[in-house]
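J.: I'll drop the sequence and a predicted model, then ask my questions.
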Amino acid sequence: MFNLLDVSIRSRLVLFVLVTHLCTVLPVRSARDLRVYVDADVTMSARVTAVVKDDVLVVTEVDYCSSVLSGISGQRLQRLQSVLNAAAHLVFSARKSEHITPLLRELQWLKVPERIQFLLSVLVYRCVNGTAPSYLPETLHLTADVGSRRRLPSTSTSTLVIPSTRRTTLGDRAFTVAAARAWNALPPSVRSKPSLLQFRRDQKTAVFQPSYSSP
């Protein structure tokens with residue numbers, strides 16, 4: 001057994017001070033929990049590197065705990081996209097020089113940014129409908145439940161309150177913020193689906209085409 005005394009970010013070090021009966025765990029530049037690496041500066045660089053380096057053709061690794069990847073840099077998103085691209089080339093036995101977009105379309109695979117938003121919204125759907133772990137719904141608040149906003153037009157469409165943040169680089173990536181924005185961006189007709197299966201199907205339909213409308 002151990003006691004968590006302090007968790008903070010200082011001087012680009014992830015400082016986990018854990019005191020056990022035998023020793024103290026020293027500060028490190030990155031930490032791993034539930035197979036996810038977290039850097040001192042929360043850029044998720046270590047996580048992206050691990051996926052690209054060790055699981056080049058394991059597509060599920062791109063999706064695993066993808067909510068922590070919300071808001072990462074375009075460069076890191078592109079590195080993760082290379083995993084999907086390599087897998088698509090393998091499925092079709094295509095040459096590396098072959099254009100990737102038609103292959104991804106044929107497989108009906110969302111690109112990485114949309115995959116992250118898709119899975120984040122699925123998690124929100126489960127929160128709203130009471131099938132997510134109990135600690136997650138507690139962090140989200142329906143607009144309709146907030147007294148000062150009950151008369152807004154959005155209250156009838158199950159939108160979520162987006163908390164204000166002080167630091168866009170980190171605060172906007174927090175689950176409560178990123179999840180609410182992903183959820184609110186969906187059409188009301190998608191958010192109101194009666195089952196998770198229907199929600200996943202209609203959400204993918206809603207975001208699939210926009211995923212390929214830009215390079």
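T.: Cool, got the structure. This one's a predicted model, so the numbers in the text were calculated from it and none came from an experiment. Residues are numbered from 1 along each chain as shown.
J.: what kind of secondary structure is R166 in?
T.: Secondary structure, DSSP: H, G, I helix; E, B strand; the rest coil: R166 is coil.
J.: that one: neighbour count?
T.: 6 (other Cβ atoms under 10 Å). C-betas here are computed from N, CA, C, even on glycine.
J.: quick check: it vs S70, distance?
T.: To S70, R166 is 18 Å away according to Cβ to Cβ, to the nearest Å.
J.: tell me which residues touch F175, please.
T.: Listed by Cβ atoms under 8 Å, 6 or more residues apart in numbering, the contact set of F175 reads 67, 136, 139.
J.: closest to R201 among the residues you listed?
T.: Distance to R201 across the contacts of F175 (Cβ to Cβ) is lowest for S67, with 20.5 Å.
J.: list the contacts of the closest one.
T.: 116, 119-120, 123, 175, 178-179.
J.: could you dump these to TSV with secondary structure?
T.: Shown next, in TSV, are those (three-state DSSP):
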residue	secondary structure
I116	helix
L119	helix
L120	helix
L123	helix
F175	helix
A178	helix
A179	helix
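J.: kindly indicate which of the residues you listed lies nearest V59.
T.: Comparing these against V59 with Cβ to Cβ places L119 closest, at 12.7 Å.
J.: show me where pLDDT drops low in this protein?
T.: Residues of the chain that meet the criterion pLDDT under 70 lie in 1-58, 147-157, 167-169, 214-215.
J.: got the domain ranges for the protein?
T.: Domain assignment for the chain, taken from automatic domain parsing, gives 32-109, 115-205.
J.: what ranges do the helices span in this structure?
T.: For the chain, applying DSSP state H gives helices covering 45-54, 59-63, 74-91, 100-107, 112-128, 175-184, 188-191, 196-211.
J.: so for the shortest one, what gets flagged as buried?
T.: Going by neighbour count (16 or more other Cβ atoms under 10 Å), the buried part of helix 188-191 is 190-191.
J.: helices or strands up against it?
T.: Using 3 or more Cβ pairs under 8 Å, 6 or more residues apart in numbering; DSSP states H and E as the contact test, the elements touching helix 188-191 are helix 196-211.
J.: also the fifth one?
T.: Contacts of helix 112-128 with other secondary structure elements, assessed using 3+ Cβ pairs under 8 Å, 6+ apart, are made with helix 59-63, helix 74-91, helix 175-184, helix 196-211.
J.: W109 against A88, yeah?
T.: Yes. Contact criterion Cβ atoms under 8 Å: W109 and A88 qualify, at 6.9 Å.
J.: circling back: out of the domains of the chain, which gets nearest to S213?
T.: Going by Cβ to Cβ, the one of these nearest S213 is domain 32-109, 11.0 Å.
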